[in-house]
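Q: Just a sequence and a predicted model for now, questions to come.
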Amino acid sequence: MKNLQYVLLVFLVLFSSKEILAQKDSIAAQRKARKFLRQGNDLYKKQKFTDASVAYRKALGKNANYDKASYNMGNALYQSKNYKEAIPQYELTAETAKDKFTRAEAFHNIGNAMMESKNYQGAVDAYKNSLRNNPNDDETRYNLAVAKKLLDKQNKDNKNDKNKDNKDNKDKDRKDKDDKNKDKNKDKDGKDKDKDKKDDKDGDKDQNKDKDKKQDPKNNKDDKNKKKPKPQQGKMTPQQIKQLLESLNNEEKKTQKKMNARKAKGKKVKQEKDW
């Protein structure tokens, strides 16, 4: 009996010692986590975001559920433009945070990181979650409206691109089909077609030769001279010349007489003034 009591007493002492040591280790780890958090905050204020994220990571190494460290690390990664890496840190804060306002801020920052990554659907969902925890946040509501607008535009552009790709594929298939039919006909009738083309070419050559011959100015001149001899100018006798001159003089006198009559008819009469 006494031996049993002794064993129980030893067990309790050992268990208590381990529990005490574990508590001490936990307290020490929390202290170190807070120390790394403060270091990260100092570096963050100096805009040394990469170094700050390293300090926050060390803090999380000492306390994985340290929501302040995860949230601040997300901010440091966000400022370093490591948006995809920042999102898991904000998600961890949203899961571990005990108050709604902290969760709302975490979801808001998730939305911002999603926007920077052009994941507009994810941004819309994150902003909605933020408003569920803090419905009075006008900034989140504004960001939600912007995210919805960008999402609609993205969906519209993707739809247009899809329709364009389908059209291009149809045009390509049609062209391939036409080329295939051409190749098929060529393989079937290629020899005869080549022969016909050659005969047509020779025939065209002969026709062009005859055409060139007809269009040659020298040949045309010779043919014209043969068919239509150029008439020679006839010679007039002295008697014919005299009659022609007399006829011309008579015509000129008649014309002059007519002109004088027209001028006299159209001439204005001067009227003497009665003073």
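A: Cool, the structure landed. Numbers count the residues shown, from 1 in each chain.
Q: CA atoms for contacts and neighbours, from now on please.
A: Fine.
Q: Quickly find the element holding residue 47.
A: Using DSSP states H and E, residue 47 falls within no helix or strand.
Q: Could you report the neighbour count for it?
A: Per other CA atoms under 10 Å, the neighbour tally for residue 47 reads 14.
Q: In which helix or strand does residue 90 reside?
A: helix 83-96.
Q: Sort out which residues of that helix are buried, please.
A: By 16 or more other CA atoms under 10 Å, the buried positions in helix 83-96 come out as 83-84, 86-87, 89-94, 96.
Q: Ok, stretch 58-65 next?
A: Neighbour-count burial for stretch 58-65 [16+ other CA under 10 Å]: 58-63, 65.
Q: Report the lowest-confidence entry in those.
A: Model confidence across those bottoms out at residue 65, which has 84.
Q: Hmm, it is touching residue 96, no?
A: Yes. Using CA atoms under 8 Å, residue 65 makes contact with residue 96 at a distance of 6.9 Å.
Q: circling back: can you lay out the buried residues of stretch 58-65 as JSON lines showing secondary structure and distance to residue 103?
A: Putting those into JSON lines (DSSP: H, G, I helix; E, B strand; the rest coil; distance: CA to CA, whole Å) gives the following:
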{"residue": "58", "secondary structure": "helix", "distance to residue 103": "23"}
{"residue": "59", "secondary structure": "helix", "distance to residue 103": "20"}
{"residue": "60", "secondary structure": "helix", "distance to residue 103": "18"}
{"residue": "61", "secondary structure": "helix", "distance to residue 103": "22"}
{"residue": "62", "secondary structure": "helix", "distance to residue 103": "22"}
{"residue": "63", "secondary structure": "coil", "distance to residue 103": "19"}
{"residue": "65", "secondary structure": "coil", "distance to residue 103": "14"}
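Q: What angle do helix 83-96 and the helix or strand where residue 124 lies make with each other?
A: Assigned by DSSP H and E, residue 124 belongs to helix 120-133. Here helix 120-133 runs at an angle of 30 degrees relative to helix 83-96 (axes from the mean of the first three to the mean of the last three CA atoms, to 10 degrees).
Q: what's next to helix 120-133, contact-wise?
A: 100-101, 103-108, 110-115, 137, 140-141, 143-144, 147-148, 150-151 (CA atoms under 8 Å, 6 or more residues apart in numbering).
Q: Buried ones among the residues you listed?
A: Buried among these (16+ other CA under 10 Å): 101, 103-108, 110-115, 137, 140-141, 143-144, 147-148, 150-151.
Q: Mind checking which of these land in helices?
A: Those of the buried ones among the contacts of helix 120-133 mapping onto helices are 101, 103-108, 110-115, 140-141, 143-144, 147-148, 150-151, per DSSP state H.
Q: All good on my end, thank you.
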